[in-house]
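K.L.:
Predicted model, plus sequence, below.
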Amino acid sequence: MERHINAPMNTEDSKTLRAGDYVYITGTIYTARDAAHKRMYEALEKGESLPFEIKQNIIYYMGPSPAREGRPIGSAGPTTASRMDKYTPELLDLGMIGMIGKGKRSDAVKAAIVRNGAVYFAAVGGAGALLSKAIKSSEVIAYDDLGTEAIRRLEVENFPVIVVIDSEGNNLYETAIADYLDYNEKAIDK
């Protein structure tokens, strides 16, 4: 199914998304990769605030290349999501509603997604130049010293993603394999 959502996103909207849905996000999302996640985790351990309101927000695991003249951002492809798995359950428990990355997630992340009615989206790896066209503005808001790993606030319009793990725990990476094997088995039987 094709869906259009706004970000930030509420739990009622996230619970309507299903693994395999094509989704176009419009609104505000944030970027953070390994180093930024580590800093956010350390801030929480010290009782400090996060650099942005995490509730109902979506984090895009991405570190962009430099922007070309006249563009708000350079190539903006997804980072492998499992690199953030160590920090993700706590952020989900604090109200983060979604993540965008590529690749599989740990069982702890899957459980936290279900527990919090959140969603994990995948962006197409290798399509960073194309994805950057949906980014209308980019502003570093925290950890500037991390360079490409600084936290950025992005304004996006029809940013294309696919739901991989929905709020009920359905996982496209698992169901797609089963569907493929079933399809091949039927084809062989003919």
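P.N.:
All right, it came through fine.

K.L.:
Show me which strand runs longest in this protein.
P.N.:
strand 151-165 (DSSP state E).

K.L.:
Can you list the helices and strands that that strand packs against?
P.N.:
strand 22-31, strand 119-122, strand 135-142, helix 172-189 (3 or more C-beta pairs under 8 Å, 6 or more residues apart in numbering; DSSP states H and E). For the C-beta atoms, the positions are set from N, CA and C on the backbone; glycine is no exception.

K.L.:
Look at the residue most central in space within the chain and give its secondary structure.
P.N.:
Of all residues in the chain, the one closest to the mean position by C-alpha atoms, centre = their mean is Ile100, 1.3 Å from it. At Ile100 the chain is in strand, as set by DSSP: H, G, I helix; E, B strand; the rest coil.

K.L.:
quick one: low-confidence parts of the chain?
P.N.:
Across the chain, the ranges flagged by pLDDT under 70 are 176-190.

K.L.:
Leu44 looks like it's in a strand, true?
P.N.:
No: according to three-state DSSP, Leu44 belongs to no strand; its state is helix.

K.L.:
What distance do you get for it to Gln56?
P.N.:
Distance, Leu44 to Gln56, using C-beta to C-beta, to the nearest Å: 18 Å.

K.L.:
Arg152 now?
P.N.:
Where Gln56 is concerned, Arg152 sits at a distance of 18 Å (C-beta to C-beta).

K.L.:
One more: Thr11?
P.N.:
Applying C-beta to C-beta, the value for Thr11 to Gln56 is 8 Å.

K.L.:
Ile162 too?
P.N.:
Taken as C-beta to C-beta, the span from Ile162 to Gln56 is 21 Å.

K.L.:
Count the residues that sit near Lys55.
P.N.:
By the criterion of other C-beta atoms under 10 Å, Lys55 has 13 neighbours.

K.L.:
Now find how far off-centre stretch 141-150 is within its chain.
P.N.:
18 Å (C-alpha atoms, centre = their mean, to the nearest Å).

K.L.:
ok, and for it, which residues are buried?
P.N.:
Using 16 or more other C-beta atoms under 10 Å as the test for burial, stretch 141-150 gives Ala142, Tyr143, Leu146, Glu149, Ala150.

K.L.:
Stretch 52-67 too?
P.N.:
Buried-residue list, stretch 52-67, by 16+ other C-beta under 10 Å: Phe52, Ile54, Gln56, Asn57, Ile58, Ile59, Tyr60, Tyr61, Met62, Gly63, Pro64.

K.L.:
Output that stretch as CSV, nothing but the C-alphas.
P.N.:
C-alpha atoms of stretch 52-67 as CSV (Å, rounded to 0.1, in the frame of the first residue of the first chain):
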residue,chain,number,x,y,z
PHE,A,52,15.9,17.7,20.4
GLU,A,53,12.5,16.5,21.5
ILE,A,54,12.6,12.7,20.9
LYS,A,55,8.8,12.1,21.4
GLN,A,56,7.0,11.4,18.1
ASN,A,57,10.1,12.1,16.1
ILE,A,58,11.9,10.0,13.5
ILE,A,59,15.6,9.6,13.3
TYR,A,60,17.3,9.0,9.9
TYR,A,61,20.5,7.1,10.3
MET,A,62,22.5,9.1,7.7
GLY,A,63,25.7,11.2,7.4
PRO,A,64,25.5,13.3,4.2
SER,A,65,28.2,14.2,1.8
PRO,A,66,28.9,18.0,1.3
ALA,A,67,26.2,19.9,-0.4
